[in-house]
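The following comprises the amino acid sequence and a computationally predicted model.
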Amino acid sequence: MGTVVVGYVPKPEGEAALEAGVREAQLRGSKLIVVNSHRGGQEFDRTKARDSETDLEAIGRKLADSGVEHEVRQLVRGFEPAEDLISIAESSDAELLVIGLRRRSPVGKLILGSNAQRVLLDAHCPVLAVKAE
């Protein structure tokens, strides 16, 4: 059985990535690993940690209803989210990595987000980049 890894953030782009990841896992008969990565530090306090945990519990319930074998991981270990996603994709021998992209201003379109760019350039497997509607 293969694996699909999804980078999740509780924003529209994260929801789009999750939906696409579930579809891909269903089509492929693969396991789904949902990764929510935070650098940690002062901006990730107890309140944000609790909120994040609540979001991930809701995702777990949603995934249980999808019938896809899944695992939800929250990582707070000082790494950039791109590092965590690439590392998990490699260690799980993922066949696909799914990330969400947010809309950017005309000037912002010249520069892709640094995490998204790193994932697209450094991942060992194909990357599906989806945008929120």
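Structure received.

From here on, just use CA atoms for contacts and neighbour counts.
OK.

just checking, what packs against the longest helix along the chain?
In the chain, taking DSSP state H as the definition, the longest helix is helix 46-66. Contacts defined by 3 or more C-alpha pairs under 8 Å, 6 or more residues apart in numbering; DSSP states H and E place helix 46-66 against strand 70-76.

Next, the buried residues of the strand it packs on.
70, 72, 75-76 (16 or more other C-alpha atoms under 10 Å).

Any regions of this protein where pLDDT drops low?
Filtered on pLDDT under 70, the chain yields the residue ranges 39-49, 77-78, 104-113.

For the nearest residue to Met1 once chain neighbours are set aside, give me its contacts.
Excluding its sequence neighbours, the residue lying closest to Met1 (C-alpha to C-alpha, 6 or more residues apart in numbering) is Ser30, at 5.5 Å. Counting by C-alpha atoms under 8 Å, 6 or more residues apart in numbering, Ser30 touches 1-4, 24, 68-69.

Just put those in TSV and tack on neighbour count.
Formatted as TSV, the contacts of Ser30 follow (neighbours: other C-alpha atoms under 10 Å):
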residue	neighbour count
Met1	7
Gly2	14
Thr3	22
Val4	26
Glu24	19
Val68	16
Glu69	16
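
Keep only those of those residues that are in helices.
Glu24.

Nearest to Val98 among the contacts of Ser30?
Val4 (7.5 Å; C-alpha to C-alpha).

Could you point out the bridge partners of that closest one in the sheet?
Leu32, Leu96 (DSSP bridges).

picking that back up, now do the longest helix of the chain: everything it contacts.
10, 22, 70-72, 74.

That one vs strand 70-76, what angle?
170 degrees (axes from the mean of the first three to the mean of the last three C-alpha atoms, to 10 degrees).

May I have helix 46-66 as PDB, with CA atoms only?
C-alpha atoms of helix 46-66 as PDB (Å, rounded to 0.1, in the frame of the first residue of the first chain):
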ATOM      1  CA  ARG A  46      -0.600  27.000  24.800                       C
ATOM      2  CA  THR A  47      -3.700  28.600  23.300                       C
ATOM      3  CA  LYS A  48      -2.500  28.000  19.800                       C
ATOM      4  CA  ALA A  49      -1.400  24.500  20.700                       C
ATOM      5  CA  ARG A  50      -4.900  23.700  22.100                       C
ATOM      6  CA  ASP A  51      -6.600  25.200  19.000                       C
ATOM      7  CA  SER A  52      -4.400  23.200  16.700                       C
ATOM      8  CA  GLU A  53      -5.100  20.000  18.600                       C
ATOM      9  CA  THR A  54      -8.900  20.700  18.400                       C
ATOM     10  CA  ASP A  55      -8.500  21.300  14.600                       C
ATOM     11  CA  LEU A  56      -6.600  18.000  14.200                       C
ATOM     12  CA  GLU A  57      -9.100  16.000  16.200                       C
ATOM     13  CA  ALA A  58     -11.900  17.300  13.900                       C
ATOM     14  CA  ILE A  59      -9.800  16.300  10.900                       C
ATOM     15  CA  GLY A  60      -9.400  12.800  12.400                       C
ATOM     16  CA  ARG A  61     -13.100  12.500  12.700                       C
ATOM     17  CA  LYS A  62     -13.600  13.700   9.100                       C
ATOM     18  CA  LEU A  63     -11.000  11.200   7.800                       C
ATOM     19  CA  ALA A  64     -12.600   8.400   9.700                       C
ATOM     20  CA  ASP A  65     -15.800   9.100   7.800                       C
ATOM     21  CA  SER A  66     -13.900   9.000   4.500                       C
END
